[in-house]
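Asks: Sequence plus the predicted model coming up.
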Amino acid sequence: MNSEQERALIERDIAEFLKRHQEKELLRFVTVGSVDDGKSTLIGRLLHDTHGIYEDQLNAVRRASKQEGADIDFSLVTDGLRAEREQGITIDVAYRYFATEKRKLIIADTPGHVQYTRNMATGASTAHVAITLIDARLGVLQQSRRHAFIASLLGIPELTVCVNKMDLVGFDRAVFVQIQKEFGAFCGKLGFTGITFIPVSALGGDNVVARSTRAPWYDGPTLLQHLETVPLPTVQEDDAFRYPVQLVLRPNLGYRAFAGQLASGRVRKGDRVMVLPSKKTTTVAGIDSFEGELAAAFAPMSVALRLEDEIDVSRGDMLVHPERAPEVKKRFAAMLVWMSERPLDLEKSYFLKHATQLVRAEVEGVEHAVDMEHLDPVEAKHLELNDIGKVVVSCHKPLFFDPYRVCRATGAFVLIDPISNNTVAAGMIQAESAGAAKDTGAAQLGPHSLVSRGERRERLEQTGAIVWLTGLPGAGKTELAYAIERRLFDLSRVAVVVDPDDGVTTGGGPRGGSPPHAPELASRFADAGLVAIFAFASPLASDRDAVKESVGAERFFEVHVATPIERCKERDQRGSYDALHGPLEYEPPDAFAARASLAENDVDTLARELVDVLLPRITR
Amino acid sequence: MCPRSALSLDGLTDVRLSHLQQLEAESIHIIREATAEFDTPVMLYSIGKDSSVMAHLARKAFHPGKPPFPFMHIDTTWKFRAMIEFRDRYCTEHGLELIVHTNQEGLADNINPFDHGSQKYTTVMKTQALLQALSTGGFDAAFGGARRDEERSRAKERIYSFRDRYGQWDPKNQRPELWNLYNGRITKGESVRVFPLSNWTELDVWLYIHLEQIPIVPLYLAAERPVVEREGALIMVDDERMRLLPGETPRMEMVRFRTLGCYPLSGAIRSTATTLPEIIQEMLLTRFSERQGRLIDFDEDGSMELKKREGYF
């Protein structure tokens, strides 16, 4: 039935039309492409030819079209906001709606330029089909591959490739076949369920809604026919039951039910279910809806479940199939799409929203980033706007999850900046278990510690750091170290002194060498969130550099206690100079180290000055 | 709306919801999610067809209990009388807590659509009134019945639409919104507008009202009503405050309204559609978007976007 017949039916028998419309299916798809490859024109054409544009909207577009009297500029239908119209570029995701005889369709229209990865990810997150455009004249470009890659990353099952501007290559079959062959080979590796190629001219309307007479060699579906027939997901036998609890309904003392939307699978009255995280099992006593009690429910229905037993269940908990429980873990590997101007901060604690849970979480480390030019993994320390990378995430509370490939609803999460409250990243949990997630070295306490740096920092209100006091024997390092410790303590900070006389650390000796395991020891202290003040002469620059290397430059504060040697000899109480039998070879630190001299100031003043410099760096 | 396959214990494989069932499930999820995440949500209730659907969905979301938030109507004092009657009856019948707010300063200054023009009147009696009511009530989330298919600028609106402490919307600084994971984190003083009907179209709304037998204000159905024709629009003379221009005489015509608001600003259309299927039929056959009848949008191109930046829905 074409739109004319549909119109006739509306006129003749509205009741029949409504009955048919009521049964329509819903298909969500995302369109990707850049300004030049005609994507906006394609959507404008699709909406226009299916009567998805109202007359006054069309008038507004005609008004906005620059040349009056010229053809309608279909791209203006989809280019929404004022600022964008002024720039002549779509910069965000826009949603459009139309219906055909069989389906209601929701288009997420996203720009395809390289810096707008985040918009495409947003549009793709709910889509079942991705439509990408390839300019027939230009063939397969790198950006086409990028679009296909992001679509597959976001778990879209169906890829549709519109080879556009076929009119400009004379509807040459060879051009179409070459693109199909080349791009098909690339996309074949990305795990799509179906890949469809359609030769179109969005401008002329060829094979968009109406079949083209200019490409008689093509016997496949038009774009609209394809959208009407592409298989839609249904609830399958092996979809595991997942029910994130949104809230508890308790209108009166006699009634208690758990409101939620099935994320996956189905549930029947009388089914055994398990509650996470408590792992208690019970039976479904009833499935309630506004229309009355139901025998069963399936994804994505929103219902209310009553349970047989009075067990504690609240928002954030999940009801699941008892034999097919999801993973319950605090630590897992995930692909992350970074969406904020402010780069990923491994030191920072974010909010993570997953299903109906909001938890604190840190990104422990970046395993690799994806080079968007060649789609290869590359080494990376952090992620910036529009970067995609594989990371290890550590949460303060366990999540109940499935790999994103298995279930989008329980495999997806977003990260939220706790200060700006912005959504900064989209995450897709990977199949490999957390235990297998490679330790990235970011958490120096190793995979055994269940306490992250971020949590420690939150508790102690400081980051760990090493204050390394170096200088000649008798320069006053130990005295200064304890003065600094006292000063920090008075300011509610947590510090500890490590020196040759502490009775624990080996090292020191007449030459004041640093202890043999100083680098490991120092990073252990810093990771624990403490400010550790080391007071060793440590005359060799290489020893000090080894510590700096181990804890990281940003956590290492070198202080040259540069009291003149005459004063040092007077002050020295360990007899170091007598035991030396000769001059001490001392390599002073470079100009970047702080400097303190007991000849110029008293210990307390020096301690105060040093802490003034140190404090902002450990509490930033 | 519940699917037939949910009524029995068999045939649960290869099942799928229809588009309206999916939209309903999504909207209920959104309403519950915002209710759980915000401290003091409120549902804006404009008495129109979209509000009627939204209120109906809110009742479903918390059944057998009542929606745990108040319903708020911004009353400009120029609404159709039939709307006010309908509002009071609906809220009483379903035990909904109703808040009615009018901008008292505007009222004292006698700001009205005749003397001050639609733009100034709307700013004072609707936009400012809404912001006053939200801040007085300390509401951190406000449900609205806006749909993305209504107007071009709404197509990019989020489901959770963040507003700064002045109630303003920044189209360049919207939070990314993925899957059904909505970000409800705000700082004190900021708020979020929540649009559970974002993905519904006008046809979906009408069909749902039809199938669910949701009560609507009778003004949506054609009847003989006293109207005058002004600047190409049919304006209903709803009470004695209507100022007639020289030569204008109200005459009875068979009309109905596609959108409802303040009667001096709402254009009626000539129609004989007295049932819901007839309305839908008429709507589908005359391809005019619903805002055609709402005079405020024709001030300039992109005017809805401007109003939204200022805090109007």
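Replies: That came in fine, so what should we check first?
Asks: Helix or strand with the lowest mean pLDDT in chain A?
Replies: When each helix and strand of chain A is scored by mean pLDDT, DSSP states H and E, helix A:82-87 comes last, with a mean of 51.
Asks: For A:G552, give me its contacts.
Replies: Counting by CB atoms under 8 Å, 6 or more residues apart in numbering or on different chains, A:G552 makes contact with A:A526. In this view, the C-beta of every residue, glycine as well, is placed from N, C-alpha and C.
Asks: helices or strands next to whichever helix or strand A:V467 is part of in the packing?
Replies: For A:V467, the element it lies in under DSSP states H and E is strand A:465-470. Using 3 or more CB pairs under 8 Å, 6 or more residues apart in numbering or on different chains; DSSP states H and E, the elements in contact with strand A:465-470 are helix A:477-490, helix A:518-527, strand A:531-535, helix A:541-551, strand A:556-561, helix A:603-618.
Asks: starting at the chain centroid, how far to it?
Replies: 36 Å (CA atoms, centre = their mean, to the nearest Å).
Asks: Can you list the strands that that strand pairs with?
Replies: Each strand paired with strand A:465-470, and its direction, by DSSP bridges: strand A:531-535 (parallel), strand A:556-561 (parallel).
Asks: In the stretch 51-200 of chain B, what residue comes closest to chain A?
Replies: Relative to chain A, the nearest point of the stretch 51-200 of chain B is B:G65 (3.0 Å; CB to the nearest CB).
Asks: Surely that residue is in contact with A:L247?
Replies: No - B:G65 lies out of contact with A:L247 (CB atoms under 8 Å); the separation is 10.5 Å.
Asks: more crowded one of the two?
Replies: Higher neighbour count among B:G65 and A:L247: A:L247, with 21 against 16, using other CB atoms under 10 Å in any protein chain shown.
Asks: ok, so what distance separates the more buried one from chain B?
Replies: Noted for A:L247: a distance of 5 Å to chain B, by CB to the nearest CB, to the nearest Å.
Asks: Look at the nearest residue to that residue once chain neighbours are set aside and tell me its secondary structure.
Replies: Excluding the flanking residues, the one nearest A:L247 by CB to CB, 6 or more residues apart in numbering or on different chains is B:A36, at 4.6 Å. Under the three-state scheme (DSSP: H, G, I helix; E, B strand; the rest coil), B:A36 adopts helix.
Asks: residues in contact with B:A36?
Replies: Counting by CB under 8 Å, 6+ apart, B:A36 makes contact with A:246-247, A:315, A:356.
Asks: Is B:I30 within a helix or a strand, and which one?
Replies: Per DSSP H and E: helix B:19-37 holds B:I30.
Asks: Now do that helix: distance to the chain's middle.
Replies: 17 Å.
Asks: Toward the C-terminus, what is the element adjacent to it?
Replies: Next element after helix B:19-37 (DSSP H and E): strand B:41-44.
Asks: what are the pairing partners of that next one, and which direction each?
Replies: Here strand B:41-44 is paired, per DSSP bridges, with strand B:71-74 (parallel), strand B:141-143 (parallel).
Asks: closest point of the stretch 201-350 of chain A to chain B, which residue?
Replies: Using CB to the nearest CB, the closest approach of the stretch 201-350 of chain A to chain B is made by A:P251 at 3.0 Å.
Asks: ok, back up a step: tell me which of the strands paired with strand A:465-470 sits most buried.
Replies: Compared across those, strand A:531-535 shows the largest average neighbour count, a mean of 28 (mean count of other CB atoms under 10 Å in any protein chain shown).
Asks: Could you give the average pLDDT over it?
Replies: Confidence for strand A:531-535, expressed as mean pLDDT, is 94.
Asks: Contacts for it next, please.
Replies: Strand A:531-535 is contacted by residues A:462, A:464-469, A:477-478, A:480-481, A:484-485, A:488, A:493-500, A:514, A:518, A:522, A:525-526, A:547, A:614, A:618 when judged by CB under 8 Å, 6+ apart.
Asks: near chain B, which residues of the stretch 101-250 of chain A show up?
Replies: By CB under 8 Å from any CB of the partner chain, the part of the stretch 101-250 of chain A that sits against chain B consists of A:103-104, A:106, A:118-119, A:121-122, A:125-126, A:232-237, A:246-247, A:249-250.
Asks: Filter the residues you listed down to the buried ones, PyMOL style.
Replies: In PyMOL, a selection of the buried entries from those looks like this (16 or more other CB atoms under 10 Å in any protein chain shown):
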select buried, chain A and resi 103+104+106+118+119+121+122+125+126+235+246+247+249
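Asks: how about the contacts of B:A36 in JSON lines, adding secondary structure?
Replies: Listed next are those as JSON lines, based on three-state DSSP:
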{"residue": "A:Q246", "secondary structure": "strand"}
{"residue": "A:L247", "secondary structure": "strand"}
{"residue": "A:R315", "secondary structure": "coil"}
{"residue": "A:T356", "secondary structure": "coil"}
